[in-house]
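Q: My questions concern the predicted model and sequence given below.
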Amino acid sequence: MMRCPPLLLLLLAFAGLTSVHALSVDVLIREGLAAEQHLDSAKALDLFLQADAAKPDDAFILQKIARQYSDSVIDTDDVAEKKHRATEALAYAERAVALDPNNAVNVLSLAVCHGTLGLYSDTRTKIKYSRLMEQEIERALALDPDYAWAHHLLGRWNYEVASLGSTTRFFVRIIYGGLPDASFAKAISELQRAVALEPKVLSHHIDLGFAYLSDDQKEKARACFDTGLAMPSIEKHDEIDKARARVALKSL
């Protein structure tokens, strides 16, 4: 039997370890995605953090970590912990974009994280993050014009900003430099596009309902809420969106 030279043995051993390492990372990612699909953000986060330790600086893994931190904000009632998770989400999203800046999913993730962290920030920071959010959504759409969730977020951003009272908008402009233009018409248009692209996503229908409601189109709003409420909940925030729709329906 021919014996391998020591150097060749080392090379073969290294190749074997590399294959096992790649396999283990793939398994962690696959299991992390399964946990995410089952709405278990804590388990998914743990698995993706392990994958990150085994394979640092991978944009896909970093974006997934950002998503789990962001999604898990609703899993705690502690405001300080919510802010901590939102802060961690933003940090990982920024790293993902730095590594892969032309990926629309990464860019939109950054927009989501700015919006989430803005909820737990002072007014000046809220305005800053709102501006960044709008810019990042537009950038994601420039990278992928058919990205339904980017249309969704731009629609929601428009109706929320357009819903600010004239006095509030005046002081925002005077004190903080204002926000980009927003309108209910733009909100409705963007959310209609999201629905057209992904008609089976209940959140698109429900937020289109809120856009119609903001524009005082109550019957169209009611129809959208009813459509969304009739659909099965499969995403992390679906039940929250349904609760928002039920409250809105009671006011109609």
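A: Received, thanks.
Q: May I ask which helix or strand encompasses the closest residue to P101 other than its chain neighbours?
A: Distance criterion CB to CB, 6 or more residues apart in numbering; nearest residue to P101, sequence neighbours excluded, is V107 at 7.4 Å. C-betas here are computed from N, CA, C, even on glycine. In the assignment (DSSP states H and E), V107 maps to helix 104-118.
Q: Report the secondary structure state of F225.
A: State at F225, reduced to three classes by DSSP: H, G, I helix; E, B strand; the rest coil: helix.
Q: Tell me which stretches of the stretch 1-150 of the chain form helices.
A: Here the stretch 1-150 of the chain has its helices, by DSSP state H, counting those that start in this stretch, at 6-37, 41-54, 59-71, 79-99, 104-118, 123-143, 148-162.
Q: per-residue pLDDT, T18?
A: The per-residue pLDDT reported for T18 equals 50.
Q: typed the wrong thing, it's H237
A: 94.
Q: now do P5
A: pLDDT, P5: 54.
Q: try Y176
A: 71.
Q: Distance-wise, check it relative to I127.
A: Look at Y176 and I127: by CB to CB, to the nearest Å, they are 4 Å apart.
Q: what do you get for Y92?
A: 24 Å.
Q: Also P101?
A: Taking CB to CB, one finds P101 at 24 Å from I127.
Q: Mind checking which of these two has more residues around it?
A: More neighbours surround I127 than the other of P101 and I127, with 19 against 13 (other CB atoms under 10 Å).
Q: Contacts only, for the more buried one.
A: The contact partners of I127, by CB atoms under 8 Å, 6 or more residues apart in numbering, come to 172, 176-177, 179.
Q: now for the helix holding V107, which elements pack on it?
A: For helix 104-118, the packing partners by 3 or more CB pairs under 8 Å, 6 or more residues apart in numbering; DSSP states H and E come out as helix 59-71, helix 79-99, helix 123-143, helix 148-162.
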